[in-house]
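J.: below are the sequence and a predicted model; questions follow.
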Amino acid sequence: QVDLAESGGGLVQAGGSLRLSCVVNGNIFRINDMRWYRQAPGKQRELVAGITGAGNTNYADSVKGRFTISRDNAKNTVYVQMHSLKPEDTAVYYCNADIKITILRQNSYWGQGTQVTVSA
């Protein structure tokens, strides 16, 4: 069984920083692409940042220059470092990963979400 465990959310003032972590637990073959999504109340879930197995990254325009995604393959963990946070960054942040559980079988997995609240 595979699960993703997020941590690092919380309440921060505008202009502050947070770092979210997501660790993949379970018996796996390889982790491919990893991503962070977020969903604000009343809005659709949106992609925030992604990182490939090779370390290539992409970002939503709204977070470019403020957020940095990274991964530690030895720890099966993906991070997102968030700086200059704004009230509009308030959302539940979800980790998503494409994981090969065997050499032939890949599934997409989601974490349970962690709340980030940015006060004005």
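T.: On my side now, so go ahead.

J.: all strands of the chain, in order?
T.: Per DSSP state E, the chain has strands spanning 3-7, 10-13, 18-25, 30-39, 46-51, 57-59, 67-72, 77-82, 91-100, 106-110, 114-119. These are given in chain order.

J.: tell me the angle the fourth one makes with strand 106-110.
T.: On the basis of axes from the mean of the first three to the mean of the last three Cα atoms, to 10 degrees, strand 30-39 is oriented at 30 degrees to strand 106-110.

J.: swap in the last one?
T.: An angle of 40 degrees separates the directions of strand 114-119 and strand 106-110 when computed by the same axes, to 10 degrees.

J.: same check on the first one?
T.: Between the direction of strand 3-7 and that of strand 106-110, the angle (the same axes, to 10 degrees) works out to 30 degrees.

J.: buried stuff in strand 3-7?
T.: When neighbours are counted by 16 or more other Cβ atoms under 10 Å, the buried residues of strand 3-7 are found to be 4, 6. (Each C-beta comes from the backbone N, C-alpha and C, glycine too.)

J.: do the same with the last one
T.: Burial within strand 114-119, assessed by neighbour count using 16+ other Cβ under 10 Å, is assigned to 114, 116, 118.

J.: bridged to residue 106, which residues?
T.: residue 100 (DSSP bridges).

J.: and for it, the neighbour number?
T.: When neighbours are defined as other Cβ atoms under 10 Å, residue 106 has 14 of them.

J.: so it touches residue 53, yeah?
T.: No. The pair residue 106 and residue 53 fails to qualify as a contact (Cβ atoms under 8 Å) at a distance of 11.6 Å.

J.: what is in contact with those two at once?
T.: Counting by Cβ atoms under 8 Å, 6 or more residues apart in numbering, the residues touching both residue 106 and residue 53 are residue 32.

J.: okay then, goodbye and thanks.
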